[in-house]
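Engineer: All I have is the shape, not the residue letters:
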């Protein structure tokens, strides 16, 4: 057992959105056993029960990250694409990523998970769609290995790119797989790793990358395999105007109609971005139970636009938050995504369009709904024992917590790190440090691998990347 005692506030995110003051959380194995005041006395707990002192802290359910690309951690801030839109950004990055081998994927996954953990995430997905032709097929296994080492609850998605530039797609052939290889790997991964138990730490999903780099055949077959095994399906959708143009020119349809005609409608589907959805498409999402991964930072970074999230929430669409790729966001701050969502939608649709609690709900219950897991994202008896604590007794929160400590997490700046993180009943972050994950050696190795990628990119393009850095800022006469 583990007792989290005397929390200043607890945002339970249950169906009633209960919020408690000066209360405790009792954890028994992988599940929460009780929530409320003075549990030591009411539950007749032994004096020596392991305890976390929650004084001055806000406790929330562990956050849920519903869209990411771990491998992109190693190509952040690439100078050549700092001012590129999505398609240009992708074409350049493909040239860099094509040499990634198993170590690149393992190291990048651990770095990505570390960032997420420190900003409150306890369950994460990863849309792993990069399988260079020169590498073995068992690359998603490196992410899974990293998750087990770090201790995160993990929903990896087996992505793919099977439509290359020679056949009208976007990626070079060096990162293209055959449809049959992908389908065989679906079966292998599900048989080897997929766990449907209530407190599962690992659930597989299937995720062809996008309509502009995957064949229609694979989109269709993915639905068949997923529904045979009862797993979720995921892809990018309606992210940019370029995607609209591509789909109209190639298929004569908007992106959602392209994938819907291939079977991609239902509660087992979630899409990333959805910036360019119209009202009729949002209504269809709500009707069919389709979920959305909202990634505000990456959409801003690439100039893609702002997804109409307030309209989706009003329609009853399940919306979770994602940090997206670390090279299109350049950060893995999941709590920061909630603050940015709060600011963006108020700026565009007004102060009544979204609240601090709406954003925290997307971080927790919204993400749980998108992933189809009703055991995570809430603090109540029977829920998974995933709890994060933020220390409110620091300069960033001074003057705020006495009025509304829960809203302060969104309102009072960004990049707040957890003091404690408990996942499946185990302490994974203790006093602000990730347990059993030394920071400096991992960061140094990540930087060495990132340098290899940039060197490859320079050689491939005959470019000195240092000459491309946009500094000092140049202005037109």
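Structural biologist: Nice, thanks for sending it over. All figures in this text were calculated on a predicted structure; none of them were measured in a lab.
Engineer: Apart from its chain neighbours, what residue comes closest to residue 303?
Structural biologist: residue 85 (5.7 Å; Cβ to Cβ, 6 or more residues apart in numbering). Quick note: C-beta positions are derived from backbone N, CA and C, even for glycine.
Engineer: So what's the residue count around residue 396?
Structural biologist: Residue 396: 14 surrounding residues under other Cβ atoms under 10 Å.
Engineer: Give the helix, strand or coil label for residue 422.
Structural biologist: strand (DSSP: H, G, I helix; E, B strand; the rest coil).
Engineer: correct me, but it touches residue 2?
Structural biologist: Yes. The pair residue 422 / residue 2 is scored as a contact, 6.9 Å apart, by Cβ atoms under 8 Å.
Engineer: More neighbours: which of those two?
Structural biologist: Higher neighbour count among residue 422 and residue 2: residue 422, with 27 against 19, using other Cβ under 10 Å.
Engineer: residue contacts, the more buried one?
Structural biologist: 2, 4, 27, 52, 62, 122, 385-388, 428 (Cβ atoms under 8 Å, 6 or more residues apart in numbering).
Engineer: Name the member of these with the most neighbours.
Structural biologist: residue 386 (33 neighbours).
Engineer: ok, now which ones touch that residue?
Structural biologist: Residue 386 touches 61-62, 122-123, 153, 376, 422-424, counting by Cβ under 8 Å, 6+ apart.
Engineer: can you check residue 342 too?
Structural biologist: Counting by Cβ under 8 Å, 6+ apart, residue 342 touches 354-356, 358-359, 410.
Engineer: filter those to the buried ones?
Structural biologist: Restricting these to buried positions leaves 354, 356, 358-359, 410, with burial counted as 16 or more other Cβ atoms under 10 Å.
Engineer: picking that back up, so what sits against both of residue 422 and residue 2?
Structural biologist: Jointly contacting residue 422 and residue 2 under the rule Cβ under 8 Å, 6+ apart are 27, 52, 385.
Engineer: Could you tell me what pLDDT the model assigned to residue 476?
Structural biologist: You'll see residue 476 listed with a pLDDT of 43.
Engineer: sorry, that was for residue 270
Structural biologist: For residue 270, pLDDT reads 98.
Engineer: Please enumerate the strands of the stretch 151-300 of the chain.
Structural biologist: 153-160, 205-208, 232-237, 269-273, 291-294 (DSSP state E, counting those that start in this stretch).
Engineer: Comparing these, which comes out most buried?
Structural biologist: Mean neighbour count (mean count of other Cβ atoms under 10 Å) peaks for strand 291-294 among the strands of the stretch 151-300 of the chain, with a mean of 29.
Engineer: Quick check: phi and psi at residue 317.
Structural biologist: Main-chain torsions, residue 317, degrees, to the nearest 10: phi -80, psi 140.
Engineer: I meant to write residue 324 there.
Structural biologist: Backbone phi and psi, for residue 324 under degrees, to the nearest 10, turn out to be phi 60, psi -170.
Engineer: That one touches residue 298, doesn't it?
Structural biologist: Yes. Under the criterion of Cβ under 8 Å, residue 324 makes contact with residue 298 at 3.6 Å.
Engineer: okay, residue 83: pLDDT?
Structural biologist: 83.
Engineer: and it, that one's in a helix?
Structural biologist: No. Counting by three-state DSSP, residue 83 is not found in a helix; it is coil.
Engineer: if we can go back for a sec, keep only those of the shared contacts of residue 422 and residue 2 that are in strands.
Structural biologist: The members of the shared contacts of residue 422 and residue 2 that map onto strands under DSSP state E are 27, 52.
Engineer: Show me this structure divided up by domain.
Structural biologist: The chain is divided into the following domains under automatic domain parsing: 2-61+377-434, 63-371.
Engineer: element containing residue 34, please.
Structural biologist: strand 31-36 (DSSP states H and E).
Engineer: Sort out which residues of the next helix or strand after that strand are buried, please.
Structural biologist: The helix or strand immediately downstream of strand 31-36 is helix 39-42, counting by DSSP H and E. Neighbour-count burial for helix 39-42, with 16+ other Cβ under 10 Å as criterion, is recorded at 39-40.
Engineer: contacts for helix 39-42?
Structural biologist: Residues from elsewhere that reach helix 39-42 (Cβ under 8 Å, 6+ apart): 3, 5, 24-26, 34, 36, 45, 49.
Engineer: possible to save those residues as TSV with distance to residue 432 and pLDDT?
Structural biologist: Converted to TSV, the contacts of helix 39-42 look like this (distance: Cβ to Cβ, whole Å; pLDDT from 0 to 100):
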residue	distance to residue 432	pLDDT
3	20	98
5	19	98
24	21	98
25	19	98
26	23	98
34	27	98
36	27	98
45	26	97
49	23	97
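Engineer: out of the domains of the chain, nearest to residue 455?
Structural biologist: domain 63-371 (9.6 Å; Cβ to Cβ).
Engineer: roughly how far is that closest one from the heart of the chain?
Structural biologist: Computed by Cα atoms, centre = their mean, to the nearest Å, the chain-centroid distance of domain 63-371 equals 8 Å.
Engineer: if we can go back for a sec, can you name every helix or strand that the strand holding residue 34 contacts?
Structural biologist: Contacts defined by 3 or more Cβ pairs under 8 Å, 6 or more residues apart in numbering; DSSP states H and E place strand 31-36 against strand 19-28.
Engineer: distance between the strand it packs on and the chain's centre?
Structural biologist: The answer for strand 19-28 is 27 Å, by Cα atoms, centre = their mean.
Engineer: Buried residues, it. List them.
Structural biologist: 19-20, 23-27.
Engineer: Throw these into a markdown table and include distance to residue 183, thanks.
Structural biologist: Formatted as a markdown table, those follow (distance: Cβ to Cβ, whole Å):
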| residue | distance to residue 183 |
| --- | --- |
| 19 | 47 |
| 20 | 48 |
| 23 | 50 |
| 24 | 49 |
| 25 | 44 |
| 26 | 45 |
| 27 | 41 |
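Engineer: so which of those comes closest to residue 89?
Structural biologist: Taking these together and measuring to residue 89 by Cβ to Cβ, the closest member is residue 19, at 40.9 Å.
Engineer: Kindly state the beta-bridge partners for the closest one.
Structural biologist: Taking DSSP bridges as the rule, residue 19 bridges to residue 11.
Engineer: Tell me how far residue 356 lies from residue 338.
Structural biologist: Residue 356 sits 8 Å away from residue 338, going by Cβ to Cβ, to the nearest Å.
Engineer: Residue 202 now?
Structural biologist: 25 Å.
Engineer: if you count what's nearby, which of those two comes out ahead?
Structural biologist: residue 338 (27 against 16).
Engineer: circling back to that earlier point, next, show the common contact partners of residue 324 and residue 298.
Structural biologist: The contact lists of residue 324 and residue 298 share residue 273, where a contact means Cβ under 8 Å, 6+ apart.
Engineer: returning to that earlier point: which one of the domains of the chain is the most hemmed in?
Structural biologist: Mean neighbour count (mean count of other Cβ under 10 Å) peaks for domain 63-371 among the domains of the chain, with a mean of 21.
Engineer: Done for today, thanks.
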